[in-house]
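# let's see this in three dimensions:
(2 chains)
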2 protein chains.
Amino acid sequence: MTYSVKFLPYNTSVKVDDNTSLIRAAMEAGVHINASCGGGGVCGKCRVLIEKGNVEGGVSEHLSSEDREKGYRLACLSEVASDIVVRIPVESEIDISRLNELTGSRHTAKAAYSNVNELRQDGLFIPPVEKIYLELAPATAGDNQADVTRIINHLRLNHNEHRLTMDLGLIRKIPDIIRQGDFKVTATIIRPVRKDGKNKIVNIEPFDTSSRNFAIAVDIGTTTVYGQALDLHTGEVLSQHGVFNSQISYGEDVISRIIFAEKGDGLEILHQKVVENINTIIEKILKKAKIGRHEVTTITLAGNSTMTQLLLKINPSYIRRDPYVPASILYPPFHASQIDIDLADHTIALIYPGVSSYVGGDIIAGIMASGMYRTSELTLYMDIGTNAEIVIGHKDWMACTAASAGPAFEGGGVKFGMRATKGAIEDFSINPVTYEPMVITVGNQKAKGICGSGMITITAKLLETGVIDSRGKFNQSLDTRRIRKTDDIWEYVIVYKENTQIDRDITITEPDLDNLIRAKGAMYSAALTLLKEIGLKIKDIEKIILAGGFGSYIELESAITIGLLPEIDPEKVTYLGNGSLLGCKINSLTNALRRDVGKVVNMMTNFEMAATPSYMDHYMASLFLPHTELNYFPKVKARLEKLRK
Amino acid sequence: MTYSVKFLPYNTSVKVDDNTSLIRAAMEAGVHINASCGGGGVCGKCRVLIEKGNVEGGVSEHLSSEDREKGYRLACLSEVASDIVVRIPVESEIDISRLNELTGSRHTAKAAYSNVNELRQDGLFIPPVEKIYLELAPATAGDNQADVTRIINHLRLNHNEHRLTMDLGLIRKIPDIIRQGDFKVTATIIRPVRKDGKNKIVNIEPFDTSSRNFAIAVDIGTTTVYGQALDLHTGEVLSQHGVFNSQISYGEDVISRIIFAEKGDGLEILHQKVVENINTIIEKILKKAKIGRHEVTTITLAGNSTMTQLLLKINPSYIRRDPYVPASILYPPFHASQIDIDLADHTIALIYPGVSSYVGGDIIAGIMASGMYRTSELTLYMDIGTNAEIVIGHKDWMACTAASAGPAFEGGGVKFGMRATKGAIEDFSINPVTYEPMVITVGNQKAKGICGSGMITITAKLLETGVIDSRGKFNQSLDTRRIRKTDDIWEYVIVYKENTQIDRDITITEPDLDNLIRAKGAMYSAALTLLKEIGLKIKDIEKIILAGGFGSYIELESAITIGLLPEIDPEKVTYLGNGSLLGCKINSLTNALRRDVGKVVNMMTNFEMAATPSYMDHYMASLFLPHTELNYFPKVKARLEKLRK
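Have a look, this model is predicted:
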């Protein structure tokens, strides 16, 4: 159910779902409310007056009983329960006019939901691993065929299963299991990618376990590792968890990790670190979803080429050396336990294929999840992470490239950076007169840090209000104690320590902004260079798909304001979230995707930025907010000029 | 070159190859010469007079200079070098007439040579593993495809190789190897059994190693384990070695080993023991043939179903329990190192498929080696070993069965039993007057023990001369010190200790003869029962193929005399030797065989002797020499009656 919320004195309205908090509704409407703590009623600053309609909650000891009777509530604690009219107390008329200038409809990219139902409708919901319950005829003197033969013949005759194989390891278990189950067993079968391939029986369990069939999807980012547990009967995500990639201690980006891997037992260490991360995630998500390790039949993993080679313990040295050669594009299925992943011996690991040293399995996973390989619209796919990966094309052709962006979008290289988990500042606005902030965190909790989408919005808002200039430097003359110099570094205090979970002031610093500018510069300039190389322009793009684990959603105007995205109609932009993880999820659910992925890899043309002389020029020109060449961003230019008039 | 050798006073001639020793020529002619040491000129008893023609050697200090001048030589040291006439000194006329009765042409079964040349002529000499040398284009900025892709594309385009796969383990090695070889590498490819299967690249080595491609063939017998090193370019056997199966300490037959395997870590122990045997053999044969472990691309192993399951560490318990179910018939190829075989990680192990719990891969290997699955003659295949395995049929159908025979034919359960290696007594005759023996050993050395073919001939000759009766008991009244009682056991001294290598008298005892009678009884009665079950008679058999590691050849009349073989024209009998080992060898040389083996396994009908009530009756009736029912052996009956008149 949706309700209308009208904010006074701005006369701005917004439609929101029921149970949306008032502070989110305000952010959505582009209306500023001072709110310093991130939510949860801690700071008590987001006092609003409900003039019409009902909210649930919103009462707090920060409000006097008199105020409460008048209808005052805390916006962060109030949930919309009808059409309402809300008045925001303002301190001066200047405030109102300035704030009005900033008001305007916001565009967050729409999420492209994973298409499980679509798969099901199209008859493509065929997980690569299936469990089949078999009631075998018990062995007798007249029928004493071998145990394995009995299983294979039964599958052939009663389930029309052919071209069956199994490994020695499984054969070893069968004589005892078949009798333990009194000749009633469940077979787990992994399907081949090609129709003429073999169906491999990977497990035989006693009795009927066919209803318990689960998969794990894992995205191995340079900065973060995410995993999900999936039910292969419903396609549902049962649980998920993410951690920082522990390899970070040995190098922030892929190049420094490759250099570390080249020395002594560096490769072994980096391999172990990421496997530990994966095992931590597996433990959490299985426990949460109440799944036994032996009930997991596949784990699909995607990462860039370096992450993939480190995971598989393959020397990544030639990835960083001219002419930048990865070990392999395709990897065969193997037993997860072979690389020390803590799952049962029968669990099969599937690795997403990549294209080149710098366009890896994470991107291909995203492309598969986005469905862009099936559309005829010219699509720009941007994966926003430690590495900037760009794909342009549609069902008939694709071109890709990559550049190193640094970890700023994922919370790395940022003083209070964090992943988009509870307590992460994910949205932000600023009062252009008082420079007081409005902060929203994931989960409406006291703030812990800043995630990628928060960084983008904070940077955009600081730029719009003149708190920083186009080089990301603070305006030291502004009259606010929030801008200050600590240990010789300029910063803006977003949340004071009494309103945080970490008992420290949460700030954004000039080095943080430097990192963000370099990251967005790498991203934009890679896209621009690739477009130029293939003879296209920004205006030819019919659709943009954004991927990245930087937050639950991204505020598009902010992304355009800082020059991360080209200036484009926000309606054309779709936000995929963690495309790599989504691709792993869909891979776990349908073999149709596994069949298509080879085609996608083959049609992809790779461009090396390092071998493209114009890239460095484009990159240097991108190290401004939004860009040195303001003609690329006419609307942003006009808006900034208007705001700073 | 062959020469004629005439023995006086018997007027018996024989054709032999040049360089045949005179003592072997005499044995071949059925002429007895007292010779107690096995050869090598030790005892000096085999004094003969060369009346015409030339021999090489034969001079010894056992001969006086006078004798030497007259033309006396030691038969065991003399090699035939022209047509010759030889006189054997005899002590009395009685000797001559009695000896003459025993004289007669002998028939040793002809060896069926492995058909490498035949394979080559038929274009079937296609080893399942091939090495291909690749000169790859080095990676450049314009061509920086992944290393694995480069190899696979090169094989596709330049060698018409398709459907290629490789394992993660190999992918790990490739980036460094490809550069170590400066983009010149050798790929090792294992071929699928079915044409539509995948070609698996199992190794990539730097530079050109394609000329070094070797295989190992291993027969795992219940009593003995034999191995050979093969050159996959020439098909030649480069070296071979055999050892006793160390599992013997835990049980002589398969049943007692299964019982041991069922307790505690029994399975692990038996697995380790046979793997140790295999590793010992591998070390010896590789050293001898100067082959590096990494140059071995496949190892093919065959054994009965219990030996196979113990090797693969698969619980064999259900093999011995009604209804006698083996774990599997077919086993997939796997890495030899997976079962701790001490070869390189890339070496592929191929296991011969079996048919049932008691007709295993060793028999199928023999069937494949014998070619009986390709002929239209009705063939009886008998594998003479610890287990008696019988196959009857031809290209259109086959029936098989098995019975436990005990290890007597392989040197087990016999006081001085040994394998058919140097020093093993392999042929024997006896003077019917003096009861003095004529002994020939493998390699013409001082005797060490008695091998299977020796046991058969010794038993037959003792029976023919009345030294033992049809129950295998000694005639205690004979006037010879060679028949004696030691520690309450009757025995015949074959070689006195001064003429042995072991410094002990080598004897054959009544318990030895008991074991041999039970072994031959199991063999014969299984063949008879199977024939009856399928409605055939002995006379329907057009061909007999004998297999078994019991000696380098078998003396057919002796085998018939003791009732091991049915009474049949010796011309119809072929001796295959170790059929299991030969099958492994041929499997290493051609994929054609691997394609046919599935068909053979599928056409085979298995009969369980335990489920066939008449078997026990036939077995009990077979526990005599040659048989209780002498009508089965009319010629033997007539001969024995004549000799003992």
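# how much space separates the residue nearest to A:Asn444 when sequence neighbours are not counted from A:Arg68?
Across the structure, with C-beta to C-beta, 6 or more residues apart in numbering or on different chains as the measure, the residue nearest A:Asn444 apart from its sequence neighbours is A:Gly39 (3.2 Å). (Each C-beta comes from the backbone N, C-alpha and C, glycine too.) Relative to A:Arg68, A:Gly39 is positioned 19 Å away (criterion: C-beta to C-beta, to the nearest Å).
# neighbour count winner among those two?
Neighbours were counted for A:Gly39 and for A:Arg68 using other C-beta atoms under 10 Å in any protein chain shown; A:Gly39 has more, 25 against 13.
# let's verify the more buried one: helix, strand, or coil?
Look at A:Gly39: counting by DSSP: H, G, I helix; E, B strand; the rest coil, its state is coil.
# just A:Cys400 next, same as before
In three-state terms, and counting by three-state DSSP, A:Cys400 is strand.
# quick one: it and A:Glu389 touch, right?
Yes: the pair A:Cys400 and A:Glu389 passes the contact test of C-beta atoms under 8 Å, sitting 7.0 Å apart.
# any common contacting residues for the two?
A:359, A:363 (C-beta atoms under 8 Å, 6 or more residues apart in numbering or on different chains).
# can you name the residue of the stretch 501-645 of chain A nearest chain B?
A:Ala611 (5.5 Å; C-beta to the nearest C-beta).
# need the phi and psi values for that residue.
Its backbone dihedrals place A:Ala611 at phi -100, psi 10, with angles given as degrees, to the nearest 10.
# now the strand or helix carrying A:Thr298: average pLDDT?
Using DSSP states H and E, A:Thr298 falls within strand A:296-303. Throughout strand A:296-303, pLDDT has a mean value of 97.
# hang on, the earlier thing: so the residue nearest to A:Asn444 makes contact with A:Thr441?
Yes: in terms of C-beta under 8 Å, A:Gly39 counts as a neighbour of A:Thr441; the distance is 5.7 Å.
# stretch A:395-409: end-to-end distance?
When the termini of stretch A:395-409 are compared using C-alpha to C-alpha, to the nearest Å, they are 29 Å apart.
# swap in stretch A:18-35?
Across stretch A:18-35, first to last residue, C-alpha to C-alpha, it's 21 Å.
# sorry, back to before: distance of the residue nearest to A:Asn444 relative to A:Val442?
Distance, A:Gly39 to A:Val442, by C-beta to C-beta: 9 Å.
# then A:Asp265?
Distance, A:Asp265 to A:Val442, using C-beta to C-beta: 38 Å.
# looking at those two now, which is surrounded by more residues?
For A:Asp265 against A:Val442, the residue with the higher neighbour count under other C-beta under 10 Å is A:Val442, and the figures read 24 against 10.
# tell me the confidence at that one?
Turning to A:Val442, the model gives it a pLDDT of 87.
# once you drop chain neighbours, what's closest to it?
A:Ala424 (4.7 Å).
# equivalent analysis for A:Phe7, please.
Per C-beta to C-beta, 6+ apart, closest to A:Phe7 is A:Val31, 4.5 Å.
# what is the burial count for that neighbour?
Neighbour number of A:Val31 under other C-beta under 10 Å is 25.
# helix/strand/coil for it?
The three-state assignment at A:Val31 reads coil, by three-state DSSP.
# might one say that it is in contact with A:Pro9?
No: under the criterion of C-beta under 8 Å, A:Val31 makes no contact with A:Pro9, lying 10.1 Å away.
# OK, contacts around the closest residue to A:Arg594 other than its chain neighbours?
Of all residues beyond its chain neighbours, the one nearest A:Arg594 is A:Val193 (4.8 Å), with distances taken as C-beta to C-beta, 6+ apart. Counting by C-beta under 8 Å, 6+ apart, A:Val193 touches A:591, A:594-595, A:598.
# mind checking how far A:Val193 is from chain B?
Computed with C-beta to the nearest C-beta, to the nearest Å, the distance linking A:Val193 and chain B is 11 Å.
# pLDDT wise, what is that residue at?
We note a pLDDT of 83 for A:Val193 in this prediction.
# tell me where the stretch 51-200 of chain A has helices.
According to DSSP state H, counting those that start in this stretch, the stretch 51-200 of chain A carries its helices in the segments A:65-70, A:93-102, A:116-121, A:147-159, A:168-180.
# could you tell me the least trusted of those helices?
Looking across the helices of the stretch 51-200 of chain A, the weakest by mean pLDDT turns out to be helix A:93-102, at a mean of 57.
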